[in-house]
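Visitor: Got a sequence here, can you build the structure:
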Amino acid sequence: MPETAIWLGVLGLLPFGGTALAAAFLGNQYGVGAMTALVAYGAVILSFLGGIHWGLAIASDPGNGTLPRRLVVSVVPSLVAWAGLLLPFRVGLLVLAVGFAAMLYVDTRATSAGEAPPWYPRLRGPLSAVVLAALIFSYFA
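Guide: So this is what the prediction gives:
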């Protein structure tokens, strides 16, 4: 697993943890802003995960017949993320959580099919666990 990917992945968790804690403990005055930041950052990162699959798809052999399916799968996270932004905070958190869990499944399947590097799920698994914990914690906070 590339060390740079590990560091960037871990650093990418800081906004999830920080905004989740802020939303829970700063009260209504600042908590709403923190919740807005959490949902927005979650939507951006979920969309980014779809972009990874777009890149993997266009770098693959177009003659193997999987390109259309892979391109469709790559844009769904952006649509889910957008819906998460438009919904009330609590519902949006759940939509994002489902989106992140689904993308972890997609990532694992892509690796099994040889469409993503073997180390990718080992990176995404722990990162997704923290993201899901932050989103669910904020839902109940």
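
Visitor: residues of stretch 42-57 that come out buried?
Guide: Neighbour counts using 16 or more other C-beta atoms under 10 Å place 42-43, 45-47, 49-50, 52-54, 56-57 of stretch 42-57 among the buried residues. Just so you know, the C-beta spots here come from the backbone N, C-alpha and C atoms, and that holds for glycine as well.

Visitor: and which of those residues is nearest residue 114?
Guide: If you rank the buried residues of stretch 42-57 by distance to residue 114 using C-beta to C-beta, residue 56 comes first, at 10.6 Å.

Visitor: I'd like the list of the buried residues of stretch 42-57 that fall within helices, please.
Guide: 42-43, 45-47, 49-50, 52-54, 56-57 (DSSP state H).

Visitor: How much space separates the residue most central in space within the chain from residue 80?
Guide: Taking C-alpha atoms, centre = their mean as the criterion, residue 46 is the residue nearest the geometric centre of the chain, at 3.3 Å. Going from residue 46 to residue 80 by C-beta to C-beta, to the nearest Å gives 6 Å.

Visitor: all helices in this structure, in order from the N-terminus.
Guide: Going by DSSP H, the chain shows helices at 3-11, 14-25, 27-58, 67-86, 89-112, 120-140.

Visitor: Could I get these in JSON lines, plus columns for mean pLDDT?
Guide: What follows is the helices of the chain, written out as JSON lines (pLDDT from 0 to 100):
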{"stretch": "helix 3-11", "mean pLDDT": "97"}
{"stretch": "helix 14-25", "mean pLDDT": "95"}
{"stretch": "helix 27-58", "mean pLDDT": "94"}
{"stretch": "helix 67-86", "mean pLDDT": "95"}
{"stretch": "helix 89-112", "mean pLDDT": "96"}
{"stretch": "helix 120-140", "mean pLDDT": "97"}
